[in-house]
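*Asks:* okay, here's the prediction I keep looking at, along with the sequence it came from:
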Amino acid sequence: MRFRGIIVGTMDDLNFWGKRVLARVDINSPMKDGRLLDRSRIEAHAKTIRELHESGAKVVVMAHQGRPGGDDFDHLEQHARALEPLVGTSVKFVKDVTGPEALRIIDSLEPGDVLVLDNVRLLAEENIQAEPERLVKTLLVRELAPHFDVYVGDAFATAHRSQPSVAGFPYVLPSVAGRVMESELRGLSKVLDVSSRSFFIGGSKVDDVVKVMPNLIGKGTVMTGGLVALTFAKAYGQYLGPAEDIVKSLGVEVIEGARRVLEKGKVMVPVDYVVERPDGEVEVQEAGQELSGVPKDVGPTTVAAYRDVIDASDAVIFKGTAGVVEDPRFRRGTVALLEAALKSGAFVLVGGGHASAALSWVEEGLRKAVGYTSTAGGAMLYLAAGLKMPGVEALAYSYSKFIARGGWP
Ligand SMILES: Nc1ncnc2c1ncn2[C@@H]1O[C@H](COP(=O)(O)OP(=O)(O)O)[C@@H](O)[C@H]1O
Ligand SMILES: O=C(OP(=O)(O)O)[C@H](O)COP(=O)(O)O
């Protein structure tokens with residue numbers, strides 16, 4: 001398939017029967033207290049895995065969950081169990097990635113078998129980002145690649161990271177896009193080219209947002225929520241009371257980055273917040289004055305102001321959440337904004353694990369008004385901003401090196 005001037009192979013280009021296939025998917029899902037809260041990414045990637053299983057491949061699934069140190073950093077056994085009914089076969093799981101136990105099971109697979117490796121971010125070197133020359137030298141790539149014939153890059157939601165599992169293997173193995181990667185690239189290239197759009201950008205991955213924001217300003221009005229909003233409020237000089245430390249913990253570069261974004265253009269920040277006071281009570285407080293609790297959602301006046309922007313847009317791109325949606329007390333802002341977008345008649349694109357999970361709390365009849373749901377949050381924004389996608393570039397390299405000249409069955 002052609003994508004923005006490059007050619008990426010798809011699963012239609014290869015015969016998988018009996019092949020040892022390493023499939024990198026993104027089943028990173030919202031979790032609370034060690035339990036999966038949402039399975040949409042697992043459902044999406046199950047289609048790719050099922051097709052590989054039905055084509056007689058020996059399928060090894062590689063994925064991550066959370067980031068080291070985070071509450072949702074976990075093993076992938078639950079994910080493997082959730083895949084079983086969706087793929088329609090028993091799914092093996094090994095609590096290992098490149099160790100002897102993993103390699104033994106990989107080498108013993110029969111056509112049609114499916115094995116899920118444990119969280120690839122348990123390996124330190126997966127958590128660095130580097131150029132392809134370095135990625136191919138990582139132990140992860142050097143140790144696993146010889147055990148495979150083909151790599152399927154399906155982790156679209158992680159394709160903006162130049163990490164070894166995403167952007168390393170395609171330089172040494174014939175590689176194609178999986179079905180999720182393929183449909184996201186096709187789907188998003190169509191919908192991102194709308195003239196009058198607005199962006200709602202929330203959630204906690206502020207470093208990603210600060211990176212894409214200079215390219216988004218000018219492409220539409222940007223409304224913020226979540227930790228993104230707190231960072232920009234700080235960059236505007238607001239005092240955040242008990243949330244000052246939360247924003248400081250994101251690092252000076254992130255706050256400085258937000259200030260530089262504001263030199264380029266305006267970003268909308270909340271005018272009120274739902275805060276949690278030290279005594280556990282929840283109340284709405286106006287922004288700009290000293291907050292006496294931690295802001296955990298946007299307030300009703302903010303929702304009304306953002307609704308006006310949404311109503312004037314032809315397309316709304318929604319990434320991340322307005323508040324701590326895992327706690328029902330701080331879900332209202334996100335749900336109200338999603339509902340406003342879905343009622344507005346604009347084309348609504350929802351991206352990101354938490355934002356798409358929040359759709360399940362929206363009035364049932366409204367849900368069908370979503371124009372496009374992407375499995376990706378950050379990666380979707382990178383694409384909207386026209387930034388480099390190392391996971392896609394690696395697949396294009398692999399296609400031209402190993403597949404295009406017809407050297408592969
Ligand atoms: N005010 C806030 N304080 C702390 N965390 C927040 C706040 N608002 C949102 N979050 C967190 O942001 C996370 C969702 O952000 P993110 O992962 O960036 O979204 P997505 O998965 O949709 O791309 C949720 O875990 C949510 O609790
Ligand atoms: O959930 C993801 O990204 P997203 O929250 O931006 O959609 C991906 O799994 C990438 O995870 P990362 O942002 O920890 O690299």
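*Replies:* Looks like it arrived, so ask away. Ligands and ions are numbered 1, 2, ... in the order given.

*Asks:* now G18. Nearest residue, chain neighbours left out?
*Replies:* Spatial nearest neighbour of G18, excluding adjacent residues (C-beta to C-beta, 6 or more residues apart in numbering): P111 at 5.1 Å. Quick note: C-beta positions are derived from backbone N, CA and C, even for glycine.

*Asks:* which SS state does that neighbour fall under?
*Replies:* coil (DSSP: H, G, I helix; E, B strand; the rest coil).

*Asks:* pLDDT wise, what is the residue of the chain most remote from its centre at?
*Replies:* Residue farthest from the centre of the chain, counting by C-alpha atoms, centre = their mean, is D279 at 34.5 Å. Note on D279: pLDDT of 95.

*Asks:* does the residue nearest to G18 really touch E54, like I thought?
*Replies:* No - with contact defined as C-beta atoms under 8 Å, P111 does not reach E54; the gap is 10.5 Å.

*Asks:* what residues does the stretch 301-409 of the chain put near ligand 1?
*Replies:* K319, G320, T321, G323, V324, V325, E326, G352, G353, H354, A355, G377 (C-beta under 6 Å from any ligand atom).

*Asks:* count of neighbours near the second one?
*Replies:* As a burial measure, the neighbour count of G320 was computed by other C-beta atoms under 10 Å and equals 30.

*Asks:* in contact with it, which residues?
*Replies:* 201-205, 209, 225-226, 228, 352, 354-355, 377 (C-beta atoms under 8 Å, 6 or more residues apart in numbering).

*Asks:* strands - which of these land there?
*Replies:* Per DSSP state E, strands hold the following members of the contacts of G320: I201.

*Asks:* could you dump the contacts of G320 to TSV with distance to D297?
*Replies:* TSV is the format used below for the contacts of G320 (distance: C-beta to C-beta, whole Å):
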residue	distance to D297
I201	15
G202	10
G203	13
S204	13
K205	18
V209	18
G225	8
G226	9
V228	13
G352	17
H354	13
A355	14
G377	18
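
*Asks:* near ligand 2 too, which of the contacts of G320?
*Replies:* K205, G352, G377.

*Asks:* from those residues, pick the one nearest A130.
*Replies:* K205 (19.8 Å; C-beta to C-beta).

*Asks:* tell me the SS of the residue of the stretch 51-200 of the chain found nearest ligand 1?
*Replies:* Nearest to ligand 1 in the stretch 51-200 of the chain, going by C-beta to the nearest ligand atom, is D72, at a distance of 7.8 Å. When classified by three-state DSSP, D72 comes out as coil.

*Asks:* between the two ends of stretch 274-290, how far is it?
*Replies:* End-to-end span of stretch 274-290 (C-alpha to C-alpha, to the nearest Å): 13 Å.

*Asks:* near ligand 2, which residues of the stretch 301-409 of the chain show up?
*Replies:* Applying C-beta under 6 Å from any ligand atom, we find that the stretch 301-409 of the chain lies next to ligand 2 at G352, G353, A376, G377, G378.

*Asks:* can you count the residues close to the fourth one?
*Replies:* Read that as G377. 27.

*Asks:* so where's the stretch 251-400 of the chain uncertain?
*Replies:* Along the stretch 251-400 of the chain, the model assigns pLDDT under 70 to no residue.

*Asks:* which parts of it are strands?
*Replies:* Counting by DSSP state E, counting those that start in this stretch, the stretch 251-400 of the chain has strands at residues 272-276, 282-286, 294-298, 315-319, 347-351, 372-374.

*Asks:* so which of the ones you listed is the most packed in?
*Replies:* strand 315-319 (a mean of 28; mean count of other C-beta atoms under 10 Å).

*Asks:* the inter-axis angle of that strand versus strand 347-351?
*Replies:* On the basis of axes from the mean of the first three to the mean of the last three C-alpha atoms, to 10 degrees, strand 315-319 is oriented at 10 degrees to strand 347-351.

*Asks:* for strand 315-319, C-alpha coordinates in CSV please.
*Replies:* What follows is strand 315-319, C-alpha atoms only, in CSV (Å, rounded to 0.1, in the frame of the first residue of the first chain):
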residue,chain,number,x,y,z
ALA,A,315,-14.2,17.9,12.4
VAL,A,316,-13.2,17.3,16.0
ILE,A,317,-10.1,15.3,16.8
PHE,A,318,-10.3,13.9,20.4
LYS,A,319,-7.2,12.6,22.1
